[in-house]
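S.K.: Below: sequence and its predicted model.
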Amino acid sequence: MDLFNNPIIENAKKALTEEQKEEYKKIGEYMYKDIDYKNVETKTKVATDEETIYYASEALKAGGDPNDLSVDELKLLNKTYGEKWYERFNLTKHEVPKESLSMNELIIKDAEDKLKNLKMSRQQKRAMERLIEKEKNKQKKK
């Protein structure tokens, strides 16, 4: 049985009245007349900040993993609910992706990572570690 030469389809077409054939022809023209299949344009709507916050909040309320959220969603949560937004959803700081941390926290974390790889004397390294600890304490107080 061939897809395009199907006897069942042929018999169904023969059973149609002229009025039914005309009606199907009009439906086909209505559905496909104005579509240019070679130059199809898709239009996507960009979500507003409110919609993004709502989506991200509902996902977290439903038990979603914060690691599944996009960087933009995480930044908006941080901007909307504050730096400790994760507490609102009964999450700990360790469950939250790094991207959602505040800029100061990111800078401190980056400084700690880079300090490990720098070649400097023990005294210099210790001085830098003290500065980083001081900044961490300032952030905790805020």
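M.R.: Noted; the coordinates are in hand. Numbers count the residues shown, from 1 in each chain.
S.K.: tell me, how many neighbours does Glu73 end up with?
M.R.: Counted by other Cβ atoms under 10 Å, the residues lying close to Glu73 total 21. All C-beta atoms are positioned from the backbone trio N, CA, C, and that covers glycine.
S.K.: before we move on, what about Lys21?
M.R.: Count around Lys21 with other Cβ under 10 Å applied: 11.
S.K.: how far away is it from Met31?
M.R.: Plainly put, Lys21 is 16 Å away from Met31 if you go by Cβ to Cβ, to the nearest Å.
S.K.: With Asn137 instead?
M.R.: Asn137 sits 67 Å away from Met31, going by Cβ to Cβ.
S.K.: in the helix or strand of the chain with the lowest mean pLDDT, what's buried?
M.R.: Least confident helix or strand, the chain: helix 103-117 with a mean of 76, by mean pLDDT, DSSP states H and E. Neighbour-count burial for helix 103-117, counted by 16 or more other Cβ atoms under 10 Å, picks out 105, 108.
S.K.: before we move on, what about stretch 2-9?
M.R.: Across stretch 2-9, burial judged by 16+ other Cβ under 10 Å covers no residue at all.
S.K.: Where do the domain boundaries of this structure fall?
M.R.: The record's domain parsing of the chain by automatic domain parsing lists 49-101, 104-141.
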